[in-house]
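>>> Return a 3D structure for these sequence lines:
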Amino acid sequence: MDWIGLPPDDRNRTVESTLRRAVLAIGFWGAVIFPPVAIALLAVVPTSADVVALVLLANVVCLVVGQYHDPAAGWIAGSSDRRPVTEGSR
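As a prediction, this is how the structure comes out:
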């Protein structure tokens with residue numbers, strides 16, 4: 001019986017790549033969205049120093065996790081409509 005689909009090693013690599021890209025995207029967009037939401041929340045809700053420290057820590061974690069995300073690359077590998085530029089393609 002022939003195997004249908006990607007070989008197991010390629011499937012694992014694809015799943016790992018997709019999960020990695022998802023985590024990077026969540027971190028990136030969390031770092032973008034988190035500050036305005038956090039400022040609005042901290043302005044409305046009475047807070048303590050512990051809450052402010054947790055908000056800052058969460059923003060730093062999002063910044064560190066999402067720093068290598070490339071928004072132009074698309075969500076899933078290969079989803080970008082742009083073709084790679086090769087030599088002599090002009």
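
>>> Could you use CA atoms for every contact and neighbour count after this?
Noted.

>>> Nearest residue to residue 26 in space, please, no chain neighbours.
Of all residues beyond its chain neighbours, the one nearest residue 26 is residue 66 (7.0 Å), with distances taken as CA to CA, 6 or more residues apart in numbering.

>>> how far away is that neighbour from residue 53?
For residue 66, the distance to residue 53 equals 20 Å [CA to CA, to the nearest Å].

>>> Same check on residue 47?
Taken as CA to CA, the span from residue 47 to residue 53 is 10 Å.

>>> same question, residue 35
13 Å.

>>> Of the two, which one has the most company?
Set residue 35 next to residue 53 and count neighbours by other CA atoms under 10 Å: residue 35 wins out with 15 against 11.

>>> For the least confident helix or strand in the chain by mean pLDDT, buried residues please.
Lowest by mean pLDDT, DSSP states H and E among the helices and strands of the chain is helix 8-44, with a mean of 82. Using 16 or more other CA atoms under 10 Å as the test for burial, helix 8-44 gives 21-22, 24-28, 30-31, 34, 38.

>>> Would you mind putting those into a markdown table with distance to residue 15 alongside?
Output for those, formatted as a markdown table (distance: CA to CA, whole Å):
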| residue | distance to residue 15 |
| --- | --- |
| 21 | 10 |
| 22 | 10 |
| 24 | 14 |
| 25 | 15 |
| 26 | 16 |
| 27 | 18 |
| 28 | 20 |
| 30 | 22 |
| 31 | 24 |
| 34 | 27 |
| 38 | 32 |
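
>>> So which of those residues is the closest to residue 87?
Using CA to CA, residue 21 comes nearest to residue 87 of those, at 28.0 Å.

>>> ok, the closest residue to residue 60 other than its chain neighbours to residue 24 distance?
Using CA to CA, 6+ apart and skipping the chain neighbours, the partner closest in space to residue 60 is residue 31 (7.8 Å). Using CA to CA, we find residue 31 at a distance of 11 Å from residue 24.
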